[in-house]
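J.: Sequence first, predicted model second:
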Amino acid sequence: MNNIYKSLLLMGVCSSATAPVMAITEEADTTRHQPMTETNVKLNEVVVTGLTGHQKLGTSAAPISIVSPRQLEAQPSTNIIDAISHQPGVSQITTGSGISKPVIRGMGYNRVVVVNDGVRQEGQQWGDEHGVEIDAASVHSVEILKGPVSLMYGSDALAGVIVFNSAPVLPMGEMSGNIMSGYQTNNGLFDYSLNFAGNKRGFVWNTRYSGKMAHAYKNRYDGYVYGSAFREQSFVQMLGWNHRVGHTHLTLDYYHLTPGIVEGERDEETGRLEIPDGFNLKSYGRSLPFQQIHHYKAVLDNMWYVGEGNIKLLAAYQQNRRQEYEEKRDECGLDLMLHTVNYDLHYTSPLLGSWKIAAGLNGMWQQSVNKGTEFLIPDYSLFDYGLFATATCNVDKLNLSGGVRYDHRHLHGDNLLEDEEDGGVVERFKAFSRGFDGFSGSLGMAYELLPNFNIKLNASCGFRAPNISELASNGEHEGTQRYEIGNTALKPEQSWQLDLGLDYSSEIVSAELSLFANRISNYIFSTRLTDADGTPVVTDGSDTYRFTSGDARLMGGEVHVDVHPFERLHIGNSFAYVDAVQLGQPHEAKYLPFTPAPRWQGDVRYEIVCDGRTFDNMYVKFAVDCNLRQNHYYAAGGTETATPSYTLLNMYAGTDIKSHGKRIASLYVSCENITDRAYQSHLSRLKYLDVNKATGRMGVFNMGRNFTFKVVVPIEL
């Protein structure tokens with residue numbers, strides 16, 4: 001079954017005057033809004049982002065998952081990546097509860113492009129301890145494109161693209177708002193969000209302010225984890241004008257995150273995590289060491305209708321500043337300032353018989369400056385551009401789609417002379433310049449073999465240039481206790497992938513199978529350096545890692561089965577698996593690092609009340625999240641270790657509250673990790689911190705039992 005269809009069923013979508021609405025595109029390309037019910041939600045009617053603009057999900061050859069607004073609203077999480085990490089094929093690399101990086105089918109970092117407000121988010125995503133600077137409350141829905149299938153974003157979209165969609169503009173004459181707040185018991189997380197939007201005679205706006213704070217989280221083995229507290233603030237303001245021939249929207253975005261840094265240092269005798277004298281682990285204040293991340297963004301989005309086609313022009317400026325405070329609260333060591341200018345110009349044609357065509361130019365300019373006294377990467381400048389052309393053709397039950405893209409990227413790193421304690425001077429970074437050229441493309445088909453049974457096939461190739469850290473890093477990552485050394489000789493990655501998809505839906509059973517095979521040349525990763533006797537090389541007190549590359553092969557897929565024997569009961573199952581191998585290597589270097597473990601997720605959901613007078617969409621759900629043992633790990637130099645299996649039991653419940661036929665509030669309660677299982681995710685960066693000599697356990701464990709309470713109050717004006 002397709003992901004969007006499954007998510008709608010599992011959200012308890014019932015016939016009701018207060019049911020959520022989604023834009024449904026008709027055959028005549030008109031748009032209307034209607035309540036979503038179990039009977040009128042059809043796979044072919046759901047609209048997603050396609051190669052030539054919006055298209056129906058059933059006709060998309062590329063594998064796409066959808067996370068709907070109500071699913072995001074009901075899902076407990078600590079950040080936006082955590083909120084979508086339950087999607088099959090999607091994982092997260094975590095550094096505590098405040099920092100999460102997306103992983104799609106075993107690949108993350110700069111291989112996943114994150115799109116927000118219509119532009120790719122640029123915030124030094126090359127680092128382990130750098131999260132995604134996006135407020136979860138500002139995200140309306142999410143589209144997850146798997147594989148190098150997107151020709152719109154060029155280099156870095158090797159694993160896929162995650163599109164965070166903002167709320168659609170309200171219909172003419174309407175104003176509305178909402179208030180959201182939640183609390184989590186494990187880390188005392190308290191969050192709130194205020195929203196006000198409207199549309200008056202074509203003048204449109206959407207304003208949101210959000211805040212979040214959490215103290216240290218706890219688990220059964222470590223107790224409270226010092227350094228895992230964080231605070232977050234966000235403000236988003238959209239102002240625009242919708243006119244007869246198009247629209248002009250300006251979005252201003254500010255995001256501020258203050259995460260602690262978990263170092264994992266322990267008492268030699270007791271094995272307990274070290275805590276400064278007098279520090280309260282339930283404090284929401286900052287604890288040394290910590291980071292300050294500020295992200296500013298301005299996006300000008302213009303679109304003009306040209307006959308039945310349209311021209312889109314988008315320009316954006318982003319500023320990302322990351323500071324690390326280690327010894328003093330008012331004096332930072334690392335201080336990185338990144339400036340990014342994004343541009344995008346493309347044309348989408350009207351329907352030309354059975355064909356639709358899009359073509360354009362987009363890219364970015366970047367400049368990064370070191371403003372502190374500690375260094376990870378050199379000052380650098382980057383400029384790239386990409387030219388693309390795509391086409392789709394719909395003939396009866398067959399839909400064909402494809403396109404090509406050419407990218408060029410130039411990157412220049414500056415040299416840096418650093419004073420030594422003995423009065424000498426050492427060259428910390430050597431100046432270099434590299435140019436990268438690459439081609440991307442895809443060709444796919446979607447065919448309705450039988451009513452409600454579709455087959456999809458897509459072949460694609462992708463290109464990724466090495467990032468600045470892989471090429472030229474020379475410094476310690478405080479948040480992961482790794483000293484990383486770059487390699488300016490690295491070549492671009494080139495991916496070739498084949499996707500096969502089957503989906504079927506009936507009144508009782510829905511199922512979807514998605515398989516892929518991916519071959520990547522020059523796959524880049526870091527490996528821990530060791531001496532001849534196997535002892536890790538230590539630089540400035542941390543293990544030393546160097547970037548290298550090799551040819552890789554990734555295979556796997558996801559399967560979904562949902563059984564709903566009657567309207568109120570839904571039994572869901574999904575399984576995701578990735579086998580990531582480095583070709584031509586000995587056993588200890590055979591498997592690629594950061595490969596997620598095989599994962600089975602199952603749930604049983606019962607809708608207690610549908611279309612009630614006071615309570616509506618009331619449901620209860622019990623879920624199992626089983627991560628199997630990960631024996632396929634990169635063992636060379638002790639870079640990674642095996643991760644035991646673990647199973648988490650979760651419970652979720654929620655209801656809408658109505659008055660006079662209108663929803664006045666939604667309430668959600670959940671308990672994740674009911675049994676308080678002590679576990680470590682294979683993708684947790686805290687897994688490799690200091691060893692507890694009292695127990696022999698390495699690293700810090702993930703969060704224990706956690707209750708979440710959330711209320712959403714819509715306001716109609």
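T.: Arrived safely, thanks for sending.

J.: State the distance from the nearest residue to Y646 once chain neighbours are set aside to L686.
T.: Once flanking residues are discounted, Y646 sits nearest to Y679: 3.9 Å by CB to CB, 6 or more residues apart in numbering. (C-beta placed from N, C-alpha, C; glycine too.) Here Y679 is placed at a distance of 12 Å from L686 (CB to CB, to the nearest Å).

J.: When the two are compared, which one has more neighbours?
T.: For Y679 versus L686, the count of surrounding residues by other CB atoms under 10 Å is larger for L686: 23 against 20.

J.: Sketch out the low-pLDDT regions of the chain for me.
T.: 1-46, 50-53, 421-423, 478-480 (pLDDT under 70).

J.: run the last query once more with 50
T.: Regions of the chain meeting the criterion pLDDT under 50 cover residues 1-44.

J.: what comes up buried for the lengthiest strand in the chain?
T.: The residue-count maximum for a strand in the chain (DSSP state E) belongs to strand 542-566. For strand 542-566, the neighbour count (16 or more other CB atoms under 10 Å) marks 542-550, 552, 554-562, 564 as buried.

J.: One more: stretch 79-98?
T.: Here stretch 79-98 shows 79-98 as buried, counting by 16+ other CB under 10 Å.

J.: Please flag which of those sit within helices.
T.: Under the assignment DSSP state H, these contribute 80-84 to helices.

J.: In CSV: those residues, plus distance to Y606.
T.: Converted to CSV, those look like this (distance: CB to CB, whole Å):
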residue, distance to Y606
I80, 29
I81, 29
D82, 26
A83, 23
I84, 24
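
J.: and which of these is nearest to L500?
T.: I84 (23.7 Å; CB to CB).

J.: Compute the first-to-last residue distance for stretch 258-275.
T.: Its start and end residues considered, stretch 258-275 measures 19 Å (CA to CA, to the nearest Å).

J.: Just the residues contacting that stretch, thanks.
T.: 95-96, 98-99, 129, 131, 216, 222-223, 225-232, 281, 286-287, 289-293, 324, 478-479, 481, 686, 689-695, 699-700 (CB atoms under 8 Å, 6 or more residues apart in numbering).

J.: Next, the distance between the ends of stretch 348-356.
T.: By CA to CA, the extent of stretch 348-356 from end to end equals 8 Å.

J.: picking up where we left off before, show the backbone phi and psi for the residue nearest to Y646.
T.: Geometry field for Y679 lists phi and psi as phi -150, psi 160, criterion degrees, to the nearest 10.

J.: Could you pull up the contacting residues of it?
T.: Neighbour list for Y679: 627, 644, 646, 648, 701-702 [criterion: CB under 8 Å, 6+ apart].

J.: Could I have the buried ones of those residues as PyMOL selection syntax?
T.: Selecting the buried subset of the contacts of Y679 in PyMOL, with 16+ other CB under 10 Å as the burial test, is done by:
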select buried, resi 627+646+648+701+702
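
J.: Cross the contacts of Y679 against strands and list the overlap.
T.: Per DSSP E, strands hold the following members of the contacts of Y679: 627, 646, 648.

J.: out of those, who's nearest L376?
T.: Proximity of the ones in strands among the contacts of Y679 to L376 (CB to CB) peaks at N627, which lies at 31.3 Å.

J.: Spatially nearest residue to that closest one, not counting backbone neighbours?
T.: Computed as CB to CB, 6+ apart, the closest residue to N627 that is not its neighbour in sequence is A597, at 4.7 Å.

J.: what residues are up against that neighbour?
T.: If you count contacts by CB under 8 Å, 6+ apart, A597 has them with 627-630, 643, 645, 682.

J.: Who does H408 form a beta bridge with?
T.: Using DSSP bridges, the bridge partners assigned to H408 are Y385, D437.

J.: just N199 next, same as before
T.: Applying DSSP bridges to N199, the residues it is bridged with are V204.

J.: With N310 as the reference, measure out to it.
T.: Here the criterion is CB to CB. By it, N199 lies 20 Å from N310.

J.: ok, T695 - how many residues close by?
T.: Residues within reach of T695, counting by other CB under 10 Å, total 9.

J.: and the gap between the residue lying closest to it once chain neighbours are set aside and V225?
T.: Nearest non-adjacent residue to T695, counting by CB to CB, 6+ apart: G271, 5.8 Å away. Distance, G271 to V225, using CB to CB: 14 Å.

J.: G654 too?
T.: Relative to V225, G654 is positioned 29 Å away (CB to CB).

J.: out of these two, which sits in the busier spot?
T.: Neighbours per residue, other CB under 10 Å: of G654 and V225, the larger number sits with V225, 25 against 21.

J.: That one contacts Y217, doesn't it?
T.: Yes: contact criterion CB atoms under 8 Å: V225 and Y217 qualify, at 5.8 Å.
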